[in-house]
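Undergrad: Output the structure for:
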Amino acid sequence: MDPDSAGRHATTPLQRLVEQLERLGELSETLTFRVVELEERLAAQQARIEATSEGLRSGDDQLEERLGASERRLARVESLLRRFDSGGRSPQLEALGPPALQQEPLERDPFPEEGEQPFMDERAA
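TA: As a prediction, this is how the structure comes out:
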């Protein structure tokens, strides 16, 4: 056996302990960096979620306003229809004028009767 190779393989328990502690230190450093990266990503995601929820809240306010306006319009139309159904004419509806279908009748027929036309094969014969 070569004394140099025996010296390389023969490590004292103290040397092995030092190597293990160095590797453990490197591992803990790597894990610490990864934890810090994850915390930064988590903070960014939470900020994005908060911004989105704020946008949704303002969207909810706008939606509530639109729904309220629609309900008011529906109530106004329903009240007009109730007055119309009770036999009276609504002044708002009379202001619109007569419906387009109740205009004067047309003097001539828009679809005049056409005579029978021969088919292509009858023309060739």
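
Undergrad: now the helices: where do they sit in this protein?
TA: 3-9, 13-85, 91-95, 120-124 (DSSP state H).

Undergrad: Quick one: list the elements packing against the longest one.
TA: For helix 13-85, the packing partners by 3 or more CB pairs under 8 Å, 6 or more residues apart in numbering; DSSP states H and E come out as helix 91-95. Yep, even glycine has a C-beta here, placed from its N, CA and C like the rest.

Undergrad: sorry, back to before: columns distance to F111, mean pLDDT and mean neighbour count on top of the helices of the chain, output as CSV?
TA: As requested, those are exported to CSV (distance: least, CB to CB, whole Å; pLDDT from 0 to 100; neighbours: other CB atoms under 10 Å):
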stretch, distance to F111, mean pLDDT, mean neighbour count
helix 3-9, 109, 53, 8
helix 13-85, 34, 89, 10
helix 91-95, 32, 55, 10
helix 120-124, 24, 69, 7
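
Undergrad: can you redo the ones you listed as a markdown table with distance to E113?
TA: As requested, those are arranged in a markdown table below (distance: least, CB to CB, whole Å):
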| stretch | distance to E113 |
| --- | --- |
| helix 3-9 | 115 |
| helix 13-85 | 41 |
| helix 91-95 | 39 |
| helix 120-124 | 21 |
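
Undergrad: For E114, which of the ones you listed is the nearest?
TA: helix 120-124 (16.6 Å; CB to CB).

Undergrad: Closest to the centroid, which residue in this protein?
TA: L56 (11.0 Å; CA atoms, centre = their mean).

Undergrad: how near is it to S79?
TA: 34 Å (CB to CB, to the nearest Å).

Undergrad: again, but for R48
TA: Using CB to CB, R48 is found at 47 Å from S79.

Undergrad: ditto for L42
TA: Between L42 and S79 the distance is 55 Å, computed by CB to CB.

Undergrad: repeat for D61
TA: With CB to CB as the criterion, D61 and S79 are 27 Å apart.

Undergrad: next one: E40
TA: Distance of E40 to S79, computed by CB to CB: 59 Å.
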